[in-house]
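Peer 1: My questions concern the predicted model and sequence given below.
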Amino acid sequence: MIELTSVTKTFGGLRAVDNVSFRVNEGSLTAIIGPNGAGKTTLFNLIAGALTPTNGHIDFMGKNLPPAPHKAAKRGIARTFQNVRLFHDMTVLENVLCAWNTGSFMGNSIWPIGYREDERLRMKRASYILEDLGLGDDRNTRAGDLPFGKQRMAEIARALALSPRLLLLDEPAAGLNRTESAELGKIIRHIVSGGVTVLLVEHDMQLVMRLAERVIVLESGSLIADGAPSSVAGDPRVIEAYLGAAEC
Ligand SMILES: Nc1ncnc2c1ncn2[C@@H]1O[C@H](COP(=O)(O)OP(=O)(O)O)[C@@H](O)[C@H]1O
Ligand SMILES: [Mg+2]
């Protein structure tokens, strides 16, 4: 579904992503791990079209991915951010409805009658997603008043609004307690079982090991391991990368 070929992104002299190649199959759940500064978020920015690769290319559904966020969104790539980016003064429902105003998604809304129909369908879809993610009772709550765990869920709900094929989750468990993290795990599984392909950047190793069928490890921009969670966890290079960074 998505294929990166020798992708490099440099910032000045820094190789934030360095010659990374991998391919992800449709319907899979792949975790991307690595110490802070390894290039994980930069990789997501490249896939989401927010950054252009310095070298290499990214294909999505067999076609080159243009480096523009609205085009990536239109082709079915959605994301959440490492730091939650909700509109705090808007309700949870309004935040989800916002998804339709971000990309270049027009639908058939140029005609008034189509517009009303679009609105109705959007409201229905937004409500359905909120129910599905356990936020049904919070739809009219101001987003800034939600507990942090629910803010993360609301951000995922907004990402799901446009029915993406590929969902990029950047450290969704950061700041969550054990119960919230377990709940998030269930939701991610549920999303994948609905046919959405998920790339998960996550520091919570329990969550990664429990959820992911495949783990890709980055260190200093380079891909240093790629395989089943159990084999990656025992890989000396991975252990070294984490010990070297005094993490985990
Ligand atoms: N816009 C930017 N300009 C300059 N350097 C950046 C930028 N974004 C990220 N970096 C640098 O690239 C490296 C990788 O960062 P990042 O992708 O955020 O890592 P991770 O998400 O794995 O912690 C870091 O050294 C970071 O400081
Ligand atoms: Mg990051």
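Peer 2: Cool, got the structure. Ligands and ions are numbered 1, 2, ... in the order given.
Peer 1: List the contacts of the helix or strand containing His57.
Peer 2: For His57, the enclosing helix or strand under DSSP states H and E is strand 55-60. Here strand 55-60 makes contact (C-beta atoms under 8 Å, 6 or more residues apart in numbering) with 1-8, 19-21, 46-47, 64-65, 72, 75-77, 166. In short, each C-beta sits where N, CA and C put it, glycine included.
Peer 1: Select from those residues every entry located in helices.
Peer 2: In helices, defined here by DSSP state H, the members of the contacts of strand 55-60 are Leu46, Ile47, Ala72.
Peer 1: neighbours around the last one, how many?
Peer 2: Summarising burial for Ala72: neighbours were counted as other C-beta atoms under 10 Å, giving 25.
Peer 1: how near is it to ligand 1?
Peer 2: Applying C-beta to the nearest ligand atom, to the nearest Å, the value for Ala72 to ligand 1 is 17 Å.
Peer 1: quick one: contacts for that residue?
Peer 2: Ile47, Ala48, Gly49, Phe60, Leu65, Pro66.
Peer 1: Just the buried positions in the longest helix seen in the chain, please.
Peer 2: When the chain is scanned for its longest helix (criterion: DSSP H), the result is helix 112-132. Across helix 112-132, burial judged by 16 or more other C-beta atoms under 10 Å covers Asp118, Arg122, Arg125, Ala126, Ser127, Ile129, Leu130.
Peer 1: Next: stretch 8-21.
Peer 2: For stretch 8-21, using 16+ other C-beta under 10 Å, the buried residues are Thr8, Lys9, Arg15, Ala16, Val17, Asp18, Val20.
Peer 1: Narrow those residues to those in strands?
Peer 2: If you go by DSSP state E, the buried residues of stretch 8-21 have Thr8, Lys9, Arg15, Ala16, Val17, Asp18, Val20 in strands.
Peer 1: Just put those in a markdown table and tack on pLDDT and distance to Arg85.
Peer 2: Formatted as a markdown table, those follow (pLDDT from 0 to 100; distance: C-beta to C-beta, whole Å):
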| residue | pLDDT | distance to Arg85 |
| --- | --- | --- |
| Thr8 | 98 | 27 |
| Lys9 | 98 | 21 |
| Arg15 | 97 | 27 |
| Ala16 | 98 | 21 |
| Val17 | 98 | 22 |
| Asp18 | 98 | 27 |
| Val20 | 98 | 25 |
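Peer 1: So which residues on this protein come close to ligand 2?
Peer 2: Lys40, Thr41, Gln82 (C-beta under 5 Å from the ion).
Peer 1: So which elements touch the one helix or strand the second one maps to?
Peer 2: Per DSSP H and E: Thr41 is located in helix 40-47. Contacts defined by 3 or more C-beta pairs under 8 Å, 6 or more residues apart in numbering; DSSP states H and E place helix 40-47 against strand 2-11, strand 14-24, strand 29-33, strand 166-170, strand 197-201.
Peer 1: so what strands line up beside the first one?
Peer 2: For strand 2-11, the pairing partners within the sheet under DSSP bridges are strand 14-24 (antiparallel), strand 55-60 (antiparallel).
Peer 1: Adding distance to Asp204, write those strands out as CSV.
Peer 2: What follows is the strands paired with strand 2-11, written out as CSV (distance: least, C-beta to C-beta, whole Å):
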stretch, distance to Asp204
strand 14-24, 21
strand 55-60, 27
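Peer 1: Show me the residue sitting in the middle of the chain in space.
Peer 2: Geometric centre of the chain, nearest residue: Leu168, 1.7 Å, by C-alpha atoms, centre = their mean.
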